[in-house]
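**Q** I'll drop the sequence and a predicted model, then ask my questions.
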There are 2 protein chains.
Amino acid sequence: MSTDVFEKVIELAKRRGFFWPSYEIYGGVAGFYDLGPLGVRLKNKIIELWREYFIQKHQELVVELETPIIGPAKVYEASGHVEHFTDPITECLRCGRKYRADHLIEEKLGINVEGLTPYELTELIRSKGIRCPSCNGELSEVKLFSLLFKTTIGPYHTNIGYLRPETAQGIFVSFKRVHECMRKKLPLGIAQVGKVARNEISPRQAMIRLREFTIAEMEFFFDPEDPNQGGYLEEYLARVENEKLRIRRHGVNDIIEAKVRELIEEKIVTTPWLAYWMAVSNQFVKELGVSESNIVFVEKGPTERAHYSIQTFDQMVKVSRFGWVEVSGHSYRTDYDLARHMKYSGQDLTVFKQYEEVKVVRKKEVVIDIPWLGRTFKSKAKTILEELKRVDPIQIEKEVKEKGYVTIAGEKIPADRIRIVEKEVKETGRRFIPHVVEPSFGVERLIYVTLEYAYTEKNGRTILRLPRKLAPYEAAVFPLTRDERLVKLARKLWMQLISKGLYVIYDDDGSIGRRYARVDEIGVPVAVTVDYQSLEDNTVTLRDRDTWEQIRVPIDKVYDAIISFIYQGLSLHKLQEKINC
Amino acid sequence: MSTDVFEKVIELAKRRGFFWPSYEIYGGVAGFYDLGPLGVRLKNKIIELWREYFIQKHQELVVELETPIIGPAKVYEASGHVEHFTDPITECLRCGRKYRADHLIEEKLGINVEGLTPYELTELIRSKGIRCPSCNGELSEVKLFSLLFKTTIGPYHTNIGYLRPETAQGIFVSFKRVHECMRKKLPLGIAQVGKVARNEISPRQAMIRLREFTIAEMEFFFDPEDPNQGGYLEEYLARVENEKLRIRRHGVNDIIEAKVRELIEEKIVTTPWLAYWMAVSNQFVKELGVSESNIVFVEKGPTERAHYSIQTFDQMVKVSRFGWVEVSGHSYRTDYDLARHMKYSGQDLTVFKQYEEVKVVRKKEVVIDIPWLGRTFKSKAKTILEELKRVDPIQIEKEVKEKGYVTIAGEKIPADRIRIVEKEVKETGRRFIPHVVEPSFGVERLIYVTLEYAYTEKNGRTILRLPRKLAPYEAAVFPLTRDERLVKLARKLWMQLISKGLYVIYDDDGSIGRRYARVDEIGVPVAVTVDYQSLEDNTVTLRDRDTWEQIRVPIDKVYDAIISFIYQGLSLHKLQEKINC
């Protein structure tokens, strides 16, 4: 792909209404983009396709949730984002301009500084004499800048809130409630699509790096000791077993090609559900029009991963201007997030899993002289009993043996008032914190990628070969000329198609060739033309955006023909055969 | 409706997964709600229905846009929100608790204080001896509290940003770009659905008053001198001419019932497009299941309207706990917003309207002695010429007549160097700022209203009679018993329905009666049961949620039957006839 495709797509997007920089009349604000009329429809169709792949087809395992964008500070302290979600920043001591320190050093020195501390970055700036690119002033020491947008909730200034940098935390915080609604089943995927905000220091790269964007992600909860619980893993793996993934492991240059089961068996991917969802993501991105060879899953190194992940693969797609761009991240978040929220909230977020058969295990138990306890400690006896239940009997046994007494709730219980016995206990199941894998897509990047892969030129004209089912308008209807009889018939057909729920362009302005060109450019899959023959035999022409071939179809079969053409992927030739049947 | 329906809906919503308070494990944060698995699907279906009514059916006039939630301060200074979007607040001088002053006074005194200034509210608190409801401490003077959530964009602390309190400003700011993409046509509706944030002082009322919620609104731009431009107004009014609206005018107690044209002709609604969209909104809310007699449009008084509106009607729906609740607002925003953004951005946001025929008008024009100007003012001559073009010739003529000279760009031009002539000028059109009417819906309120109107009880059981097309799950499939043969057939049917894109519940847990009850409770319109007869003749039963009637249908016609039942609104009886044909 030539390097200027990016510019062509950007120009088309702005002129025809896919997207453009926000707040243009105020000079723009970096990192914000509007979606225009065509962009909104393309976005919604991409999200519907994502729902189809990740939710609808998995509806016995996966549900959708919607949680707020604004969250209280505690949530993002628990998640680790307040501490870890930062970028290094340096400020010019003369002109006051601020720069992302790692990017500045990488640009100036052409080296990779991933994982370096602010101190090390400062040393590099000092030792290599890097100065302000704008005024050549001296640069400050490097500090960490929080990427969380901060605000205040309600009238008390101490109630700090943050805009979510990912939709995931809302899912973790409400996991318990959703799990209960779903009758406590595992595995359980909880998906969410919605806006997130990341206060980037100086975003560039148009739609590729935004301060506000849409994430479509899923947290998939499972039992790490039994990922195949219920037989679902095997059942679903069977559906993708022929899917080949291109993988680049960390520290390796070569790309390998492997099937999902190979990735699992050779432990390239550390947990099977992570591999499964990578395979689904591969299918999904191909359906956006990206060819297999332009997708690769790149394993991130320890310093490149987010703080919550023990293995991450980025799904990269090749684009003209920026090379390989991440469209989704696939992380094994383990029980990190739920464990942190348990700790910070004090709530029990474990799940209970019933054993198939009751297990009998021998367990130590503490027996205390209750009448003595009541006589001695009076009203405090109850507190001591409760505290006693929370302490491990083995610990008490050890303390009594060593010291001749044990201290409970600040009170001494002598050895002769307490006894450790061993009993047979029936266990019906076990409690544990589910583990999580997460496939997470950046929707605006998918929009851009879809447009770039659809962008083609033919005879000097632009054709947007969008996958038919993603096209913002399903069809266009044209009268061949402005002859009143043709206009009347064309408008009648157009209104019929609208009444059946389609989005259809009507256009009678300019030559028919110019009108075809206008709809080719925005990816309308099929154009219907009412001509003079239509007045005689009630047939119209259907024209394929990509091949420019045409067939004639009875006017009362146009709706069905459009639906078959778009959703069954028929060629015009096949469609003609089907209609003639 | 009995007063406890609210509580029943809230309990059902929480238990089955429609919605619940956010951040429950952290004790909750007032004004934030999660949508659970059923709630997300209901919300998306309500939004799709809104799109159908406001966009899809009006696609030649209306398009959708998506703009950011975070906006630079300038946008909300221009819009007037920084100045006007406030609530009065008072603080307890002893315990520090803060209260919404007008609500506190209204609760304590039982009077309406709408429109009073902070000074007047303070006087009321002082004179009536109102004290802190919590600690009886003295209350501070009343101040205005901004309802905008504030943040910082990027690393410079002076770059203030706000979270949008309405999606409308993004539409106004990008109006020019969208108008150009749409080939500069008017009228033009630009719709947007998305999250907004309002930092309420102390929100209560569950889903009814939230700090973060979803708005679905449209700004409809038209020529105030020619609202019927293109004939669209008449064409579309004809579609709703039988729609009757219930209206309560400001200052009048009685509710009148009137057709749209009457509202326009009798000038009850001041601009026709406002009335048109109110009629569409009436249809839309009825389709959510609200009966006609429980909807009323209430005209707001001058102190109750937002700062940008010269006429506002609130569409109110009656609900159990709170009485009449606003589900949408209908405002005539005139050219207020575009004019403000023109002023603050310095950009031309007018549109040009071509006359059908070129008009010849006589216009005064200024002729100046150019050679003299150049000699006298040298390099400043250009500035003077430019300035001259901006001043009204009539003004110059007047000044020259009165004073014998005119001052342009600080320089005196004597009368003998300047001349006013009258010329015939051809005008091809005129420039103006479009006017705007806005129908604006609160989506979470629609969700609540839809659920409350669907909530019914029958024989002591809950049935959620959701409009069929809004039901989160289209159908349920049950094997009559856990007999392996029935389970196998039922699961096969269930997977077929899923592969065709439906959301379908499969359940084989518990008695068939209990399973029917479980799906009735969440509004599944139709339950399909595989029984022993199915094994013999390949038919299954279809059961109507609302009537509990059943019919038998061949298994290969189940999909079509479900679609007809849901989208064509057939009764089971009619459906049976259709299938037997």
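**A** Thanks, I have the structure now. Numbering: from 1, shown residues only, chains lettered A, B, ... in the order given.

**Q** from residue A:124, how far out is residue A:106?
**A** In this structure, residue A:106 and residue A:124 are 10 Å apart, going by CB to CB, to the nearest Å. All C-beta spots, glycine's among them, are computed from the backbone N, C-alpha and C.

**Q** overlap of the contact sets of the two?
**A** residue A:113 (CB atoms under 8 Å, 6 or more residues apart in numbering or on different chains).

**Q** compare these two and say which is more crowded by neighbours.
**A** Using other CB atoms under 10 Å in any protein chain shown, the more surrounded residue of residue A:106 and residue A:124 is residue A:124, with 20 against 14.

**Q** give the contact list for the more buried one.
**A** Per CB under 8 Å, 6+ apart, neighbours of residue A:124: A:105, A:109, A:113, A:116, A:130.

**Q** of these, buried ones?
**A** A:105, A:113, A:116, A:130 (16 or more other CB atoms under 10 Å in any protein chain shown).

**Q** shouldn't the first one be in contact with residue A:121?
**A** If I follow you right, that is residue A:105. Yes: counting by CB atoms under 8 Å, residue A:121 is a contact partner of residue A:105 at 6.4 Å.

**Q** quickly list what's touching both of these two.
**A** residue A:113.

**Q** show me where the stretch 401-550 of chain A has its helices.
**A** For the stretch 401-550 of chain A, the helices defined by DSSP state H, counting those that start in this stretch cover A:443-454, A:484-499, A:512-521, A:532-537.

**Q** oh, that last question was meant for the stretch 1-150 of chain A, not what I typed.
**A** A:5-16, A:37-54, A:73-78, A:81-84, A:101-109, A:118-127.

**Q** coming back round to it: what would the contacts of residue A:124 look like in JSON lines with distance to chain B?
**A** JSON lines is the format used below for the contacts of residue A:124 (distance: CB to the nearest CB, whole Å):
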{"residue": "A:105", "distance to chain B": "17"}
{"residue": "A:109", "distance to chain B": "22"}
{"residue": "A:113", "distance to chain B": "19"}
{"residue": "A:116", "distance to chain B": "19"}
{"residue": "A:130", "distance to chain B": "18"}
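
**Q** now, which of those sits nearest residue A:216?
**A** Ranked by distance to residue A:216 (CB to CB), these are led by residue A:113 at 31.2 Å.

**Q** what's the closest of the helices of the stretch 1-150 of chain A to residue B:204?
**A** Once the helices of the stretch 1-150 of chain A are compared by CB to CB, helix A:73-78 is nearest, at 21.8 Å.

**Q** can you give me the buried ones in that closest one?
**A** A:73-76, A:78.

**Q** now tell me what touches it from outside.
**A** A:82-83, A:85, A:148, A:159-162, A:164, A:169, A:173, A:340-341, A:343-345, B:23, B:26.

**Q** report the distance from it to the chain centre.
**A** On the basis of CA atoms, centre = their mean, to the nearest Å, helix A:73-78 sits 21 Å off its chain's mean C-alpha point.

**Q** can you check stretch A:328-346 too?
**A** 16 Å.

**Q** with just CA atoms, put that stretch into CSV.
**A** Listed next in CSV are the C-alpha coordinates belonging to stretch A:328-346 (Å, rounded to 0.1, in the frame of the first residue of the first chain):
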residue,chain,number,x,y,z
SER,A,328,-6.8,-5.3,20.3
GLY,A,329,-5.0,-6.4,23.4
HIS,A,330,-5.3,-9.9,24.8
SER,A,331,-4.3,-10.1,28.5
TYR,A,332,-4.3,-12.8,31.1
ARG,A,333,-5.2,-10.7,34.1
THR,A,334,-5.4,-13.8,36.4
ASP,A,335,-7.2,-12.9,39.7
TYR,A,336,-5.4,-9.6,40.0
ASP,A,337,-8.4,-7.3,39.7
LEU,A,338,-10.9,-9.2,41.8
ALA,A,339,-8.3,-9.8,44.5
ARG,A,340,-7.5,-6.1,44.6
HIS,A,341,-11.2,-5.1,44.8
MET,A,342,-11.7,-7.7,47.5
LYS,A,343,-8.9,-6.2,49.5
TYR,A,344,-10.0,-2.5,49.0
SER,A,345,-13.8,-3.1,49.4
GLY,A,346,-13.7,-5.7,52.1
